[in-house]
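*Asks:* based on what follows, work out the 3D shape:
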Amino acid sequence: MRAVSSPGGDLPRRYREARRDPGLAVLEGFHTLKHAIRFGADVLEVLAVDPDGLARLTTEMAPDLTDRLTELASPIPQETFAELSPSPHPTGIVALARRPVLDPAAALATPGPGPVVFLDRPTHHGNIGAVVRVAAAAGSAAVLVTGPHDPWHPASLRGGAGLQFALPVAQVDGLAGTDRVVIALDPDGVPLGEAQVLRRAVLLFGSERRGLGAELLERAEQRVAIPMRQGVSSLNLATAVAVVLYHGRTGGATAPGAATA
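*Replies:* Okay, the predicted model is just below:
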């Protein structure tokens, strides 16, 4: 176990600055930290109100990480911990890691059947995190996000349980050129079960309120709708992404010439 490198009075300022630093990620809670380490994050420090409790939790839920977390963890007083986050995590754990350097163009060019999830101006960090979580679980190639909400914001990392480190995740200005089929989720599209291509596609999702922007709709080669009961106007963004991704895994067609394994 290590001692905290900065005096307690400096930590709140340092974590406030880290939240605004595009090169850093603030990891709140055990599961966020667990996945970050498991998927290769460069973790700079781990602070725990109860290091012994962290050790017990790690032994129970992530025994493969016991040695690493024991090496990284430093104790921190409860009152100092409470100043490090607008909503301190109940596990009493917070950490700093470097954000990976990501190339969105390279993510779009990734071979294999995994689709790229493209979120157009989502409005809630928790939803962005939940999308990252399901995209990682479903084997997506990447998650790309436009608009002001950073998918690496601490709230997005918390919602994604740190799985931003499991696949390329980036904030982008728009959709770059790609050889992938571009598919828009749109209420006026063909029913999902009739879609011709879902694997190795770029799947465009708009916000629940605004939908997709006109420019992205024009880019789409197909428009697909999730069938819903009459009177139900929309699904939560992460739920819609989950429906489409798992349909693609189990029943969606593959683009001609694309790999299937």
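*Asks:* how far does stretch 163-178 sit from the chain's center?
*Replies:* 10 Å (Cα atoms, centre = their mean, to the nearest Å).
*Asks:* if you count neighbours, what's buried in it?
*Replies:* Neighbour counts over stretch 163-178 (16 or more other Cβ atoms under 10 Å) mark 163, 164, 165, 166, 167, 168, 169, 170, 171, 172, 175, 178 as buried. Where you see a C-beta, it was placed from the backbone N, CA and C, and this is true even at glycine.
*Asks:* okay, how far is it across that stretch, tip to tip?
*Replies:* Stretch 163-178 has an end-to-end distance of 25 Å (criterion: Cα to Cα, to the nearest Å).
*Asks:* cool, and stretch 170-180?
*Replies:* 18 Å.
*Asks:* can you give me the helices in the stretch 1-150 of the chain?
*Replies:* 11-20, 30-38, 51-61, 66-72, 78-81, 104-108, 125-137 (DSSP state H, counting those that start in this stretch).
*Asks:* buried sites along the last one?
*Replies:* In other words, helix 125-137. 125, 127, 128, 129, 130, 131, 132, 133, 134, 135, 136.
*Asks:* now do the fourth one
*Replies:* Neighbour-count burial for helix 66-72 flags 69, 70, 72 (criterion: 16+ other Cβ under 10 Å).
*Asks:* domain assignment for this structure?
*Replies:* The chain is divided into the following domains under automatic domain parsing: 8-98, 104-250.
*Asks:* okay if I get these as TSV plus mean pLDDT?
*Replies:* TSV is the format used below for the domains of the chain (pLDDT from 0 to 100):
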stretch	mean pLDDT
domain 8-98	93
domain 104-250	93
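*Asks:* hey, which of those domains is tucked in deepest?
*Replies:* Greatest average neighbour count among those goes to domain 104-250 (a mean of 19), per mean count of other Cβ atoms under 10 Å.
*Asks:* give me the residues contacting stretch 137-147.
*Replies:* 104, 107-108, 110, 112, 114-123, 128, 131-132, 135, 151, 163, 167-175, 200, 242, 245-246, 248-249 (Cβ atoms under 8 Å, 6 or more residues apart in numbering).
*Asks:* and that stretch, end to end?
*Replies:* 24 Å.
*Asks:* thinking again about what came up before, can you list the helices of the stretch 1-150 of the chain in JSON lines and add distance to residue 225?
*Replies:* What follows is the helices of the stretch 1-150 of the chain, written out as JSON lines (distance: least, Cβ to Cβ, whole Å):
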{"stretch": "helix 11-20", "distance to residue 225": "38"}
{"stretch": "helix 30-38", "distance to residue 225": "32"}
{"stretch": "helix 51-61", "distance to residue 225": "39"}
{"stretch": "helix 66-72", "distance to residue 225": "45"}
{"stretch": "helix 78-81", "distance to residue 225": "46"}
{"stretch": "helix 104-108", "distance to residue 225": "24"}
{"stretch": "helix 125-137", "distance to residue 225": "19"}
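*Asks:* C-terminal to the top strand by length along the chain, what's the next element?
*Replies:* If you go by DSSP state E, the chain has its longest strand at strand 181-191. For strand 181-191, the following helix or strand on the C-terminal side (DSSP states H and E) is strand 201-206.
*Asks:* in its sheet, what does that next one sit against?
*Replies:* Next to strand 201-206 in the sheet, as set by DSSP bridges, lie strand 116-120 (parallel), strand 181-191 (parallel).
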